Every structure is written in structure tokens, then in C-alpha cells.
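[1] This is a predicted model, with the sequence first.
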Amino acid sequence: MKWTTTDVDLYTQSKEYVDTVIIPLIPIAVGQQMKNIVLNGEFISILTTELERQFKGRAFLTPPFTYLKGEQVEQKYTRLIEWKEHFTSNEFKHVIYLTSDSDWKGYEGELGNSLIWLSAVPLEHVDSKVKQQIMTDQIQQIVPLLLSAWRN
């Protein structure tokens, strides 16, 4: 389910089955790093949309958790924990974070198997069929991680 009015209505009707929130972690920056940061964010956006599609009825995809690339990691982490607490205090059992930003790897210990870090694949010049296959391959890598998180 996505952050849309239609899906919110669907969620309201079946929320006892929807126990997982997926939060894309997407940095923002301009300047020299801009294209690479946009590439990473685009990859995660496409991936989380596909993940939501495959797990519709079990997972709810939020709008991205965006932050400035230069923002202090501790500050981002504190805000992210506020998001987690909001969702877990409102009937969601699992919160999953997806990112291509290596800054978050320093918080794998705190976020545990809730954090899924993936190296972004450049998709800007890729044919749509190849892009779909890349996303399918990535989803196949994520499924065991989700199953592990759901067991805990």
C-alpha cells in the first residue's frame, strides 16, 4: 500500500494484516554530488515501489525520509527513530528502512535487520525490460532479509 487516499482506505479496512512500514531513506544535495545522490534516490524509489507492489496487503510504503546529505548523522538518526516510534505506536509491528546511502551503514548495529542497504544500480540509460529484470533481481535479494525481520 502506498501513501495515497485510495490505499489508506484499503489499509483502514484491512489493517490487521498490514504489519510492516517500508521507509525509503533518500538524501538530498546539490553541487558536485548531486547526480550520484539523485541516482541513488531514484534507484531506492523504484525499488521500494516494486517492493510495495509485491507485498501489497502486508506492507505500507511511506513517503521518503529525506535529509540533507551533509546533515549530522546523529540528527538524522534521531529523526528516523521518531518516525519508527510513531509507526510502532500506531499498530505497525515492523519498520523496514531501504537506502543506498552508505552513511547509514554506521547504524546497522542500532537498526539491526530493519536496515537494508543496497548499492544503487545506474538506471538512467537502461532499457525498461532490463530495468525490470534488475529490480526483480534486487527484490529477490531483499525477500530473505524481510523474512528475517518478520521472524523477530
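    Happy to help now that I have it.
[2] use CA for all of it now, contacts and neighbours both
    Will do.
[3] Determine how far the longest helix anywhere in the chain lies from the middle of the whole chain.
    Identified as the longest helix of the chain according to DSSP state H is helix 128-151. In terms of CA atoms, centre = their mean, to the nearest Å, the centre of helix 128-151 is set 12 Å apart from its chain centre.
[4] Now that helix: buried residues?
    131, 134, 135, 138, 139, 142, 145, 146, 149, 150 (16 or more other CA atoms under 10 Å).
[5] Going by residue numbers, what spans are strands in the protein?
    All strands of the chain, identified by DSSP state E, fall at 20-28, 59-61, 65-68, 94-99, 115-117.
[6] mind listing what residue 101 touches?
    Counting by CA atoms under 8 Å, 6 or more residues apart in numbering, residue 101 touches 25, 26, 27, 40, 117.
[7] circling back: what two of the buried residues of helix 128-151 are the furthest from one another?
    Spanning the widest gap among the buried residues of helix 128-151 are 131 and 150, at 27.8 Å by CA to CA.
[8] what number of residues lie near residue 23?
    24 (other CA atoms under 10 Å).
[9] Then residue 88?
    Using other CA under 10 Å, residue 88 has 16 neighbouring residues.
[10] Could you give the bridge partners of the residue nearest the centre of the chain?
    Nearest to the geometric centre of the chain sits residue 24, at 2.8 Å (CA atoms, centre = their mean). On the basis of DSSP bridges, residue 24 is bridged to residue 98.
[11] Does it touch residue 99 like I think?
    Yes. Between residue 24 and residue 99 there is a contact at 6.1 Å, judged by CA atoms under 8 Å.
[12] contacting residues for the residue nearest to residue 118 when sequence neighbours are not counted?
    Once flanking residues are discounted, residue 118 sits nearest to residue 100: 5.1 Å by CA to CA, 6 or more residues apart in numbering. Counting by CA under 8 Å, 6+ apart, residue 100 makes contact with 25, 26, 40, 41, 44, 117, 118, 119, 120.
[13] Tell me the one among these nearest to residue 12.
    Nearest member of the contacts of residue 100 to residue 12, counting by CA to CA, is residue 25, at 25.1 Å.
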